[in-house]
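Participant: Pasting the sequence and the predicted coordinates here, then a few questions.
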Amino acid sequence: MKKKYVLLFLAIFLLQHGFSQQMVLKKGTILDALPVNDSVPDTFSLYLPTDFTTEKKWPLLLIFDLEGKEKQALSMFVQAAEQEGYVLVAPRILDSVSLSNSMVKAGKVLNKVMSILPIHRGRVYSAGAASSARFANLVPIFIKNVKGVISIGSSIANTDLLNIKRAFHFIGITNKSDYNFTEMLATKKVLDRFRFPNQVLLYEEQKEWPDISYLKRSMQLFTLSAMAKGFVAKDSAYIDKAFNEDVLKANKLKNSQKLLLAEQYLSEMMSIYGAHKNLDSLRQIQKSIRRDQRFKTMRRTENAAFFKESLLKEDYQYYMEEDVITHNFNNLGWWSYQKSEIDKFISGSNSYEKEMGVRLLGYINALTEDNIDIVRSEALIDEDALALLYMLKTILEPQNFEFYLETITLSAKNEDFGTALFYLEEALKNGFKDADRLYSLEGTALLRITPKFNKLVEQYLKDARYEIIEE
């Protein structure tokens, strides 16, 4: 039996500060913590497809994860890279590093890889998910050799930075329940206006990470674009296969009465295949969908949901800012009401309002967490503002017990035992069961020995550590 992983011996002699370094690379496996150079501790992960050869130039995908999990992020793209023939590189860049320094690090990794591997200079792209996607979106703006980006669950953070003289190919991947979905659509309109090539791929499952087929399709779109530009030779069989798969997907959406998704998919197809095929048949299908009364009704209903969502988001942003600045604990009741209204959307019969409700809940959670990060990052932490935000999170995520515990700790630190006991009981009512954690909370020593604390633990967990003496 042939071994799946084949050793690739690249005798690379790099003269750095008088030293010679030989690097031995494997095909078909992820190589972790490769050094950028001898004098700087920066590293990167690398994946070479099993059919990699130095006889041709390869497209490169730079994958970013700002939480220090670059190897895991890279692994998500491996199957797609095998199928589409891409080299994968994931620089180690952390969110704690400034944007300018992070870009410098990314540029150094790119230069290193291009100096040791046969990379096609016109086919270098970046990718990331969620917060890391916001960084990946900026890479083509600041590093001229990067020609496109795969952005999972995030739009471009600042479209004011776009330069029409340095257009890049944007591929967004999201679903309609992602709170960034409407921002992704707004970004697409800006990119269309600036004539940047772009596609938005929508997956239907409510999960953070898309199916591998969407990652494969993203790489496929870059390859089709490279063929259109003449960077690589046109492969008629490859184009026909991709086109036929897309036609089947569009017809499947149309036949299952997912007319909005079908019409959007056809629009993206025409932006992709215009340089390769006659698209008159696709245009006729799209026109027939747009004339369909059911499509028009769906579009009106969805637009109404978009409009309602935009108004609610403005309210949430305004009141969040006001409440944090003024420490308006009295407004927690209003937030609780908003959460109940969102729950009604999610449990309702209107599918577009269901999606809207999920997006709104995600939006408030992200807004709250952003404010928590801002308050925590200040030299002098505003503990009242922090307490308010922790309390809001218990309303938004009643089963996430970390914020109950944070509220208990902060309240006990300020000797506000009444608030601490209230949130202790709320956590216990919602199912918190870790008594050991309760009795080891930082800053709660005085609270833990009070009869009321132990009575609550005994009532819900039957595990009080201190004797309860009733006066």
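Facilitator: Arrived safely.
Participant: can you give me the helices in the stretch 151-300 of the chain?
Facilitator: 181-193, 212-229, 236-255, 259-273, 280-291, 293-326 (DSSP state H, counting those that start in this stretch).
Participant: Can you lay out those as TSV showing mean pLDDT, mean neighbour count and distance to Thr407?
Facilitator: Every C-beta, even on glycine, is put in place using the N, C-alpha and C of the backbone. As requested, the helices of the stretch 151-300 of the chain are arranged in TSV below (pLDDT from 0 to 100; neighbours: other CB atoms under 10 Å; distance: least, CB to CB, whole Å):
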stretch	mean pLDDT	mean neighbour count	distance to Thr407
helix 181-193	95	17	31
helix 212-229	97	20	39
helix 236-255	96	15	46
helix 259-273	96	19	42
helix 280-291	96	14	51
helix 293-326	97	14	15
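Participant: so which of the ones you listed comes closest to Ala136?
Facilitator: helix 212-229 (12.1 Å; CB to CB).
Participant: Which strands and helices lie in contact with the closest one?
Facilitator: strand 58-64, helix 78-84, strand 119-129, strand 148-152, strand 169-174, strand 198-202, helix 236-255, helix 259-273 (3 or more CB pairs under 8 Å, 6 or more residues apart in numbering; DSSP states H and E).
Participant: would TSV of the ones you listed with distance to Thr182 be doable?
Facilitator: Output for the helices and strands packed on helix 212-229, formatted as TSV (distance: least, CB to CB, whole Å):
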stretch	distance to Thr182
strand 58-64	24
helix 78-84	27
strand 119-129	18
strand 148-152	15
strand 169-174	10
strand 198-202	12
helix 236-255	21
helix 259-273	14
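Participant: got the buried residues for stretch 456-463?
Facilitator: Within stretch 456-463, the residues that qualify as buried by neighbour count (16 or more other CB atoms under 10 Å) are Leu456, Val457, Glu458, Tyr460.
Participant: The first one in helix, strand or coil?
Facilitator: Spelled out, it's Leu456. The three-state assignment at Leu456 reads helix, by DSSP: H, G, I helix; E, B strand; the rest coil.
Participant: Can we start the residue count at 29 from this point?
Facilitator: Let's use 29 as the start, then, which means that last one is Leu484.
Participant: Thought Glu454 was touching it, still the case?
Facilitator: No - using CB atoms under 8 Å, Leu484 is not in contact with Glu454; the gap is 10.4 Å.
Participant: where does this structure have low pLDDT?
Facilitator: By pLDDT under 70, the low-scoring segments of the chain are 29-51, 66-67, 495-499.
Participant: circling back to that earlier point, can I get the helices of the stretch 179-328 of the chain in a markdown table including distance to Arg476?
Facilitator: A markdown table is the format used below for the helices of the stretch 179-328 of the chain (distance: least, CB to CB, whole Å):
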| stretch | distance to Arg476 |
| --- | --- |
| helix 209-221 | 45 |
| helix 240-257 | 49 |
| helix 264-283 | 58 |
| helix 287-301 | 54 |
| helix 308-319 | 64 |
| helix 321-354 | 30 |
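Participant: and Gly113, which of those is closest to it?
Facilitator: Of the helices of the stretch 179-328 of the chain, nearest to Gly113 by CB to CB is helix 240-257, at 8.1 Å.
Participant: Just the residues contacting the closest one, thanks.
Facilitator: 87, 89, 104-105, 107-109, 111-112, 114, 148, 150-151, 153, 155, 176, 178, 197, 199, 201, 225, 227, 229, 231, 260-263, 266-267, 270, 300-301, 303-304 (CB atoms under 8 Å, 6 or more residues apart in numbering).
Participant: which of the residues you listed count as buried?
Facilitator: By 16+ other CB under 10 Å, these give 87, 89, 104-105, 108-109, 112, 114, 148, 151, 153, 155, 176, 178, 197, 199, 201, 225, 227, 229, 231, 260, 267, 270, 300-301, 304 as buried.
Participant: what's the neighbour count on Asn129?
Facilitator: When neighbours are counted by other CB atoms under 10 Å, Asn129 registers 11.
Participant: ok, it to Val68 distance?
Facilitator: To Val68, Asn129 is 12 Å away according to CB to CB, to the nearest Å.
Participant: any residues in contact with both of these two?
Facilitator: With CB under 8 Å, 6+ apart as the test, Asn129 and Val68 reach no residue in common.
Participant: What separation do you get for Pro169 and Val177?
Facilitator: You called it Pro, but residue 169 is Ile. For Ile169, the distance to Val177 - CB to CB - is 9 Å.
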